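Enquirer: with the sequence up front, the predicted model follows.
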Amino acid sequence: MLIYLKKNLLAILSIAMVITACKKNSSDEPTTPPVNNNKGIQLATDAKFGSVLTDKDGKTLYFFASDAAGVPTCTGGCETAWPLYYSADASTDLNLNKAEVGEVTRTDGRKQSTYRGYPLYYYAGDAAAGQIKGDGVGGTWFVAKPDYSLMLANAQLFGNNTNYTSTYAVGTGNTIYLTDSKGRTLYAFAPDKNGVNTYTKSATQEGIWPVYESEVLSVPSAVAKADVGVITVATIGKKQLTYKGWPLYYWISDVKRGDNLGIVIGKGPGLTWPVLQLNATVAPAP
């Protein structure tokens, strides 16, 4: 009986050793990393910025306010910190609006991917996927997002064949001001009151200075979201976005993104139809 028990015990120990050895060998095998089948621009969700654009590997992409006209202006040494992004592949992200994706050919012949007409860049300071260290740099670089209600342009003011500064004096120099999400310039009407459109009396005025219709979605980090609102223009039955209480308009003769020809209309440069700068005063009470 004793011999029988010893034989069984030895058999059990042998089986246990085999199983242990198999498990050890299994754990020693290298794990295969998951295959990344992403292509083109992707959407990612960030705790601070919400929905943002990335490349296929999750590296964050950026917009440059100086590119409001849709032309890449980050060249030479600028590219060291802000390398361009380009992918010939169509996005595999089902939640991305593919119609907003495009490309532009730079002056040196290289191609660059765009979203809503804005050339896309990386930031050299983002060492890993998911990092967003470039937002707000210089007051002109912003994380690329699919849902901006407003954007900022950093551009020369120009009207009647004359350059103007940010104070509307004759001169050369860029001004940072509000545009829509596709780089079209937005204006205030000087006689308006806080939250009150005094210009649009009928469809006739709407055809000349169309109201900017948009919901309050995302805004660049340089813009205080609390300063953005929406009013109803009863005369035409439309909603209109406001900034610091100023109703926002387009100018019909700004035929392409980046144009700001409306500044000279009215009493003089910036007196009747100014662009909205970040330091704009709050619109006066009605």
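Expert: That came through, no problem.
Enquirer: please identify the helix or strand for T232.
Expert: Assigned by DSSP states H and E, T232 belongs to strand 228-233.
Enquirer: what residues of that strand count as buried?
Expert: V228, G229, I231, V233 (16 or more other CB atoms under 10 Å). C-beta here means a position set from N, CA and C on the backbone, and glycine is covered the same way.
Enquirer: partners of it in the sheet?
Expert: strand 238-243 (antiparallel) (DSSP bridges).
Enquirer: next helix or strand past the partner strand?
Expert: Next element after strand 238-243 (DSSP H and E): strand 246-247.
Enquirer: gap between that following strand and the chain center?
Expert: Strand 246-247 sits 22 Å away from the centroid of its parent chain (CA atoms, centre = their mean, to the nearest Å).
Enquirer: just checking, what packs against that strand?
Expert: Using 3 or more CB pairs under 8 Å, 6 or more residues apart in numbering; DSSP states H and E, no helix or strand is in contact with strand 246-247.
Enquirer: and R106, how far from G266?
Expert: Using CB to CB, to the nearest Å, R106 is found at 38 Å from G266.
Enquirer: check A68 too.
Expert: For A68, the distance to G266 - CB to CB - is 23 Å.
Enquirer: who's more crowded, those two?
Expert: Neighbour comparison, A68 and G266: the larger count goes to A68, with 27 against 15 (by other CB atoms under 10 Å).
Enquirer: now the strand holding T232 - C-alpha only, CSV.
Expert: C-alpha atoms of strand 228-233 as CSV (Å, rounded to 0.1, in the frame of the first residue of the first chain):
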residue,chain,number,x,y,z
VAL,A,228,-18.8,84.0,-26.8
GLY,A,229,-22.6,83.9,-27.1
VAL,A,230,-25.5,83.5,-29.5
ILE,A,231,-28.4,85.9,-30.2
THR,A,232,-31.5,85.6,-32.4
VAL,A,233,-31.9,88.2,-35.2
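Enquirer: avg pLDDT for it?
Expert: Strand 228-233 shows a mean pLDDT of 98 in the predicted model.
Enquirer: can you give me how far it is from the chain middle?
Expert: 22 Å.
Enquirer: any idea how far apart the tips of stretch 160-174 sit?
Expert: 17 Å (CA to CA, to the nearest Å).
Enquirer: hey, where'd the helices end up in the stretch 101-250 of the chain?
Expert: In the stretch 101-250 of the chain, the segments counted as helices under DSSP state H, counting those that start in this stretch are 203-208.
Enquirer: ok, residues contacting the strand holding T232?
Expert: 149-150, 195-197, 200, 211, 214-216, 219, 238-243, 245, 247 (CB atoms under 8 Å, 6 or more residues apart in numbering).
Enquirer: of those, select the buried ones using a PyMOL command.
Expert: The PyMOL command for the buried members of the contacts of strand 228-233 (criterion: 16+ other CB under 10 Å) is given here:
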select buried, resi 149+150+195+196+197+200+211+214+219+238+240+241+242+243+245+247
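Enquirer: endpoint to endpoint, stretch 132-147 covers what distance?
Expert: End to end - CA to CA - stretch 132-147 spans 17 Å.
Enquirer: tell me which residues in that stretch are buried?
Expert: If you call a residue buried by 16+ other CB under 10 Å, then stretch 132-147 has these buried ones: I132, G134, D135, T140, W141, F142, V143, A144, K145, P146.
Enquirer: the fifth one: what's it in contact with?
Expert: Going back to what we said before, that points to W141. Y62, F63, F64, A65, W82, Y121, Y123, G134, D135.
Enquirer: ok, now with 10 Å
Expert: W141 is in contact with 62-66, 74, 81-82, 121, 123, 134-135, 154, 220-222, counting by CB atoms under 10 Å, 6 or more residues apart in numbering.
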